[in-house]
Each structure stands twice: as C-alpha cells, then as structure tokens.
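Visitor: Requesting a structural model of the entry that follows:
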Amino acid sequence: MRKQTIVLILTLIGLCLLTLLPRLIGLDQFVSVDESDWLRYSGNFYYALRHFDFANTVDGEDVVVMWIITAAMLWYFPAYRGLGQGYFNDGFKFDSFLLEYNKLSLELLKRSRLIQVVVITVLLLLAFYLLRKLFGNRLALAATLFIAFDPYFLGHSRLLNHEGMLSLFMLLSGLGMIIYLYKESHPFFLILSAASAGLAQLTKSSALAILPLVILLLSDKVVSEWRASKRLPLGVIKYSIKTLLMWLAIIVLVFLIIWPGMWVAPGKMLFAVYGDFLSNAFQGQPLVVTKVLDPNQFGLDWNGSPSFVYGMLWRTTPLLWLGVILAGLSFLARDGSAKPNLKKYVISYLGFVALLFIFMFGVARGRNSPHYVISSYVSLDVVAGMGLICGIDWLGSKIRAFKRQSIKNTILVTVLLLQGISAFPYYPYYYTYYNPIMAIVEKGKNPNFGYGEGLELAGRYLAQKPDAQDLTVMAWYSQGVVSYFFPGKNKYINISQLVDQEVINNIRTSDYLVIYYAVQKRRNIPAKLLAALEAISPEHVIWMNGIEYVRIYRVADFPDSFYTGLGQ
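Guide: Sure thing, here's the model as predicted:
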C-alpha cells in the first residue's frame, strides 16, 4: 500500500474520531424545546408508513429527520407501528403511551440523536472529499475540522433538528456543482449536487435558496466563457440549460423516493411545506394560524438582518474572525495568473451563501431564531479554514523560520485545537458558547441562551424531592424538557400573555411552578404572572454562564394575595 493511501486512510479515521467524540458524549443529558415535537411527528410518520397511510406522512416540514427517528423507532420500539393507537396530537399522551410499554421518550431521543450524529459525520466526510478534490488534503482537512469544531454548529449537530444537516447538504450541493462545472465534469458530482439539494429541501423548506444559487453558478459559467471568447457561447448556454434540467430531474426523483406522501398527494405535501414556509416568511405566522396564503397580507421586515449579524459576532470564535479576514486579504491579492482562481471563486460563492441566509431570514416576518442561519456559519467556517491556510503559507513565504512544512503544520494543528477546545467549557450545550471579545466589548449583553438548556436541571432538582412521582409541576416547555427528567405530573404554562382562571387553577393545584426566567423575563411573558412573582422568593435558582436561567417556586409559599392579583 502506498504511503499516500495510508496517510489518507489515517486522515479519514482521525477525522471520524474528531467529529464523533464531542458529539456522542452526553446525548441524553439535556433536551431542547423542539425535539419532543419531532419525536411525536415521527411517531405519526412511522405509524402512517406501517398502515400505508402515505397522505399522513407530513406533520411538520422535515422528512429527513422523520426518517432518522423512524430508524430509531425500528431500533428501540418497532412494535409501535402495530398497536392500533392511531395518531397523537398531544405530546404528553405520546410520552404516556410509550411509558405504557416501558419505553422512555428520552431514550428514543438519545438513539435518534445518535443516528443523526452518524449521518452528520458522513456528510462531513463527503465535504472533506469535495474540498480535497478542489484544493488538496491540507486545506480540505482544515476547512472540515473548522466546521466540525465550530461551537454553534457542534451544539446544534447534537440536537434532533433541521439545521445541522441542512447546512451540510447546502454545502455539498454547491461544492459538487462547482467541481462539475470547473474541475471534473463527471456525472457523480452532478448527481451528488442534485441529491444533496433535494435532501436539503426535505430537511427544511428554506433550502429552496439553493435553486437561485445553482442558477447563479451556471450563469457565471456562461458569462465567463462569453468574456473569454468575446462572443455569445451558444454551446455553453445549451450545456448549462441541460445541466440545470438534469439537476432538477434528480431533485424530483429524490423527492419521490424519500417522501412517501408524494406518491399519493404531491399537491398536499408541497403546499404543506412550501406554503408554511411562505406564510411564515411573508405573513409572519405558520399556516396553522393564517389558514391561507393571502398575497394582500404579504410583507417583509427589512430590519432583521443586523440582529443576525450581531448574533453571529457573539456565537463565532475569534479564530473564525481571523480566518475570514485572512481569506478576504487573499481574495484581494493578485496572483499574477491568467487562469481563473478557484479558491477566490469558492470564497465568493460561500460568502454569498452566508449573506443570502442572513438576508433571507432577516427580511422574513416569521420566526427569526438564530439557528436558522447555520448555513451562514458553515459557509464562513470553510472560508475561515481557507483563509488560515493562506495566512500560514504567506507567513512561511515571508519569514524564514516558518518555511518548513512541519512548522506550518504545527501552527495549523494548534489553531484547530484552539478552535475545538473553545466549545468544551459549554458542555453539554456547546451552542451556548459566546465570543470572549464580544463579552468584553458588549459586557452584560450576551444574547446566546434560551433553547431549553437549564430546564432539565430543574427537572432533576425536583426529581430529588421526596415522593417526587406524586408531585405536580407547572412549567413553560414542560412537556419534553422538564417532563423527561421529572417523574411526577407535568402541566404547561402557555407560551402567551394569557393568565385566565384556568391558569390560576392550574397553579393552585400544582406543587411547584418553574419559570424559564432567561426567556420569559426577556419577552415579559406572561407579564401579569411575572409581576406577581416579583414579591415571592424562589426556592431554587439555576444560573449558567452568568445568566439567570430558571426560577423554581414552591406553590405552598404563595399567599392568597398572589392569586387575587392574578385574577384582577
């Protein structure tokens, strides 16, 4: 076996281990606010598959995640499909049904996360392969590890949600098309690009953005040929149109293979996903609220993009800042070559992807959670990896002491280790990392919190109470976060300003009230309840990263005046 092959095998093994290890530890130690819903959606998906009820294989928008949880169901609770329970619209009932058969939702979540971590590792290996095809082993390894070690991406790639996989599918689709157009026109790269685009859209409907991006790549190919030949390149135009049509055809094929609902009700499926996307973006609410798409109600919020940029400054590392700056400098530098510079082309493309997602969600009127733009993080991670390689090589060309390859490799390894280590203090919620520079410049303004982290600590605290199984707890995000760690009865606090008699009665009949202070105080929801609680000392308070996350109140401590004030 040649030395080069041995090095590649060792590189792949090392890349697998470095990607897997920080993601596999503690997968059952915490829960985010959305994951319990995905378990229920996917339970319905799995049940619909068994009963050939393919029209009911849409419940939420993520087909890929539902397949992953279906695989976990087959691993953990295969009999679920044939027990005649039907479909669940209530998370507590779904969890209770699992308990009847001695199955835990938390264990199902853990196994689902494990499968998704393996999928993400495979996608990162594919990204390494494509980057290696473009730029060689060293740059590909640097860029891939920069993605894998990005604290915000690392944290979300351990969660059961869309964003981690979406960002990698988007990256693979773009890189595959660039290789096909400019490096090696092998059908494999076109198929990989199209299949990744299809899977991205079956992961989250915002991946529709890949279509204009690919059209832009093909158009740039035509324009480049036009400038080079000084005449209209009809052959290249035909080639580009043919490529686009084949690319679209493969996406349709992926939809038909992966999404059973497309076999029986394609219109219903597509409207449920893309209609919901458009309703959120232009009407500010999902279709379940708006009921219809009404163009007269469409509008955009042009003030959202700065908040995403501000959030990214907090959630990215100083090393990413440095790498992006170095990439920008290398982009502006002249290389003296008449040939197209593929590095500059890829930097331009990835920079455009990063800006597009920020702009797309920045102007939308719907929800604007920071993790919606993880594709921007991943794109900038690759750019930063490229920039750091360029910077290290420039250093070697200017300073004699750094000319040796071993020295340059040592610098690179050190940088990558620092990038990886930066996330570890925030275990198990790596996504709560915050940039130390921003913490100094914007002291006390850290926006990076509030995705359910800390509530499981409240559940564990209450679970240690005597006769905990006989206690009742009322909490925001109770089902699926507190309830996975607390064995007693759980009740919701509605995520709204509503404090009616039913809410008051629920508090009266509970033993403990859990306030997710980090989020509820920021949004002042429900304002009347929070105001009434200010006069009462909590039994226990949970702090993390200098942020007050959770307040736990013993309901027996509430005086009658507390309820009187709520009722007014």
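
Visitor: Output the contacting helices and strands for whichever strand or helix holds residue 561.
Guide: Secondary structure assignment for residue 561, by DSSP states H and E: helix 560-567. The contact analysis (3 or more Cβ pairs under 8 Å, 6 or more residues apart in numbering; DSSP states H and E) places helix 560-567 against helix 501-508, helix 527-533. Using the backbone N, CA and C atoms, a C-beta is placed for each residue, glycine as well.

Visitor: Point out the most buried one among the ones you listed.
Guide: When the helices and strands packed on helix 560-567 are scored by mean count of other Cβ atoms under 10 Å, the highest mean neighbour count falls to helix 527-533 (a mean of 17).

Visitor: Give me the contacts around that helix.
Guide: By Cβ atoms under 8 Å, 6 or more residues apart in numbering, the surrounding residues in contact with helix 527-533 are 493, 497, 499, 503, 515, 520-521, 524, 551, 553, 562, 565-566.

Visitor: will you turn these into a markdown table that also has distance to residue 306 and pLDDT?
Guide: Below are the contacts of helix 527-533 laid out as a markdown table (distance: Cβ to Cβ, whole Å; pLDDT from 0 to 100):
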| residue | distance to residue 306 | pLDDT |
| --- | --- | --- |
| 493 | 32 | 89 |
| 497 | 27 | 86 |
| 499 | 34 | 89 |
| 503 | 36 | 91 |
| 515 | 30 | 96 |
| 520 | 25 | 93 |
| 521 | 23 | 91 |
| 524 | 23 | 92 |
| 551 | 31 | 97 |
| 553 | 37 | 97 |
| 562 | 40 | 92 |
| 565 | 39 | 85 |
| 566 | 38 | 88 |
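
Visitor: from these, which would you call buried?
Guide: 493, 499, 503, 515, 520, 551, 553, 562, 566 (16 or more other Cβ atoms under 10 Å).

Visitor: Turn the residues you listed into CSV, including distance to residue 231.
Guide: Shown next, in CSV, are these (distance: Cβ to Cβ, whole Å):
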residue, distance to residue 231
493, 68
499, 72
503, 73
515, 70
520, 65
551, 72
553, 77
562, 81
566, 77
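
Visitor: just these now: which is nearest residue 330?
Guide: Closest approach to residue 330 among the buried ones among the contacts of helix 527-533 (Cβ to Cβ): residue 520, at 46.1 Å.

Visitor: Figure out the helix or strand that the closest one lives in.
Guide: With DSSP H and E as the criterion, residue 520 is inside helix 517-523.

Visitor: Okay, buried residues for that helix please.
Guide: Buried residues in helix 517-523 (16+ other Cβ under 10 Å): 517-520.

Visitor: tell me the domain ranges of the chain?
Guide: As given by automatic domain parsing, the domain ranges for the chain are 3-13+113-437, 14-112, 455-567.

Visitor: quick one: terminal-to-terminal distance for the first one?
Guide: Here the two ends of domain 3-13+113-437 are set 43 Å apart, with distance taken as Cα to Cα, to the nearest Å.

Visitor: ok now that domain, how far from the chain's centre?
Guide: Relative to the chain's own centre, domain 3-13+113-437 is displaced by 13 Å; criterion: Cα atoms, centre = their mean, to the nearest Å.

Visitor: same question, stretch 487-501
Guide: 28 Å.

Visitor: for this structure, which spans come out with low pLDDT?
Guide: The chain contains residues with pLDDT under 70 at 1, 59-61, 276, 279-291, 293-299, 302, 335-340, 365-367.
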